[in-house]
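Novice: Would you be able to build a 3D model of this:
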Amino acid sequence: MKYIRKIIPAVIFLFSGLLASAQSEAYFNAMEAYNAGSRSAYGLFKDLVKAEPKNDAAYYYLALLSEDFLEKEAYYKQAIELDPGNFWYKYALASDYMTNQDAGKALELFEELIKEYPRRTSLYYDIVSVYMANGDSDKAMEALDVIEAQTGKSESLAMARMQIYMQKGEQKQAFDFLKEYYKDYRSPRLACILADYYAGMYQEQEALNYYEEALAMDPDCVEASYGAAHIYRSQGKYDMYFQNIKDFLKSSVVPPQTKVEYMQDMLGSGQFVQVFAPQIDSLMTEMYLSSPTDSTVTGLTAAYYYQTGQIDKALEVYETIMENNPDDAGAAFNHCLIYYYSQDWDNVINHATTAIQRFDMPLDFLQLRGIAFWQLKEYESSMEDYRTMLALAPKDSAVALNSYTAMGDLYHIFGDTKQAYKCYDKALRINPDYAPVLNNYAYYLTEGYDQPRKRPDATLRKAMQMSLKTIQQEPDNPTYVDTYAWLLHLVGRDVEAKAMFKHAMLYGGKENGTILEHYATVLQTLGENDLANVYFKQAKALGTDE
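Specialist: You can find the predicted model right below:
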């Protein structure tokens, strides 16, 4: 008797009660192991064919389990020899021949199967692939003719014929065929293929006609919505563009990443975004509502809301992100950043603290919290965060540079000049040209000087060397220019200092009370008292850092 006539992927039923109980049990155990994916199945079937050398099903399963192709082929042939009328044995071997790129042997078996099962349409699709692998496009077309005669016209047949033409390099013939075929058989996909073809030929109206036909057949056809949208945009019909692209963005068929990439490209078109801000806002909302738990979608949406000043919406999105992805460190950091840029220091501290407790190596969160503590004048807490950063990453030069810089400034606030300078020296050993440290270090060195000196001492010379480096790097930075100009004043070079301060005024110096006060002092020294008084008043109105 034959043990199998058809593949049953999950459960195998034993229909005969004629098997000896020992053989039935062995077959059952082997099948149980096979269905469970156990490695023992191969050995059990090997034992089974020793006990039952005419068990065709056992050879078939050995073929399925074997990793060596020659061995696999031998087992299939043994199963076929025992049961030559079994369709599935031959079909499996033919399919494996194709997988092993032996189209010749596959063709022999498929042709044999077609003779035995001429009404089984799926075989003709299989043999089309074999013919194409052998480069025999004419026979492939003949096989498609048989299918069409049996089943009628279909989208899959049209696509198969198109593929054959395209593989032969006959693009024009392919689309000529499809245009004729489409007259008798229409589908949204075929309409979109023709539309894309005409769009590529810059025949926009013809392309739009096909896209509209596709949408008439299937209003949810995203390929047609997308294609039509861009034709409407090129024609300046922006209401229709936004209507169609909105359908594309809210579709559940389109992958979230594709939507994000599309909107990123759109947001990069600055003038377009400004002109159509309300419509783009609506598109972002549609995209977000279609995938509210996808991190790429929510991340872009939150960033967009923040950049357009919709802070509350941005925070709502990030709260949703954190609810759905509590272990997303990037989202948590961006959430904190929104509070940071909004100068909501209490919330920066609260959310950064949660992140510090949740994530390993929370250096970025420690830095944000350290800055927030600083802004709230909780200087000891800020210092502690920078010390923690150093302890967590002792060999990270970037962390060390940032931490020593901040700690130097904090020690200066504490009035501990000695420790401040030690921290600055450590920072400069890491990067001798680091402008923020050079500027602050140089400026603080001037604090012991109330009056200009005829000759600069060693401290002022050191300060000038450091400050000069900063303006060489950033000549238009008003803070750096102020420090160097003030040093020029302290060494009696007020004419040069005045010129430097005038330069600083052009780049934001007028908004800083300390810079205005320094400028007024230089003008007063030069005898320009009326103008000096004007700047002293402006400085007083703004307030100074001193």
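Novice: What sits closest to residue 298 if chain neighbours are left out?
Specialist: Closest residue in space to residue 298, ignoring its immediate chain neighbours: residue 321 at 4.7 Å, by C-beta to C-beta, 6 or more residues apart in numbering. C-beta: built from backbone N, CA, C; applies to glycine.
Novice: What residues of the helix or strand hosting that neighbour count as buried?
Specialist: Assigning secondary structure by DSSP states H and E places residue 321 in helix 311-324. If you call a residue buried by 16 or more other C-beta atoms under 10 Å, then helix 311-324 has these buried ones: 313-315, 317-318, 320-322.
Novice: can you list the residues that contact the helix or strand encompassing residue 531?
Specialist: Assigning secondary structure by DSSP H and E places residue 531 in helix 529-542. For helix 529-542, contacts defined as C-beta atoms under 8 Å, 6 or more residues apart in numbering pick out 510-514, 516-517, 519-521, 523-524.
Novice: same deal with stretch 125-141?
Specialist: If you take C-beta under 8 Å, 6+ apart as the criterion, stretch 125-141 is touched by 94-95, 98, 101, 103-104, 106-107, 110-111, 114, 143-144, 147, 156, 160-161, 163-164, 167-168.
Novice: And the average pLDDT for it is what?
Specialist: Averaging pLDDT along stretch 125-141 gives 76.
Novice: Now the terminal residues of it, how far apart.
Specialist: 11 Å (C-alpha to C-alpha, to the nearest Å).
Novice: Output the below-cut-off pLDDT ranges for the stretch 401-546 of the chain.
Specialist: 545-546 (pLDDT under 70).
Novice: please redo it, this time with the cut-off set to 80
Specialist: Across the stretch 401-546 of the chain, the ranges flagged by pLDDT under 80 are 544-546.
Novice: how about the helices in the stretch 351-500 of the chain?
Specialist: Remark: helices assigned in the stretch 351-500 of the chain by DSSP state H, counting those that start in this stretch are 363-375, 379-392, 397-414, 417-430, 435-445, 458-473, 478-490, 494-506.
Novice: Determine the set of other helices and strands touching the second one.
Specialist: Taking 3 or more C-beta pairs under 8 Å, 6 or more residues apart in numbering; DSSP states H and E as contact, the helices and strands that helix 379-392 lies on are helix 363-375, helix 397-414.
Novice: quick one, which of those is packed in tightest?
Specialist: helix 363-375 (a mean of 22; mean count of other C-beta atoms under 10 Å).
Novice: What lies in contact with that helix?
Specialist: For helix 363-375, the surrounding residues in contact (C-beta under 8 Å, 6+ apart) are 332-333, 336-337, 340, 343, 345-346, 348-349, 352-353, 355-356, 359, 379, 381-382, 385-386, 388-389, 392-393, 396, 399, 402, 406, 410.
Novice: Would you show me how to pick out the buried ones of those residues in PyMOL?
Specialist: Remark: buried members of the contacts of helix 363-375, expressed as a PyMOL selection using 16+ other C-beta under 10 Å:
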select buried, resi 332+333+336+337+340+345+348+349+352+353+355+356+359+382+385+386+388+389+393+399+402+406+410
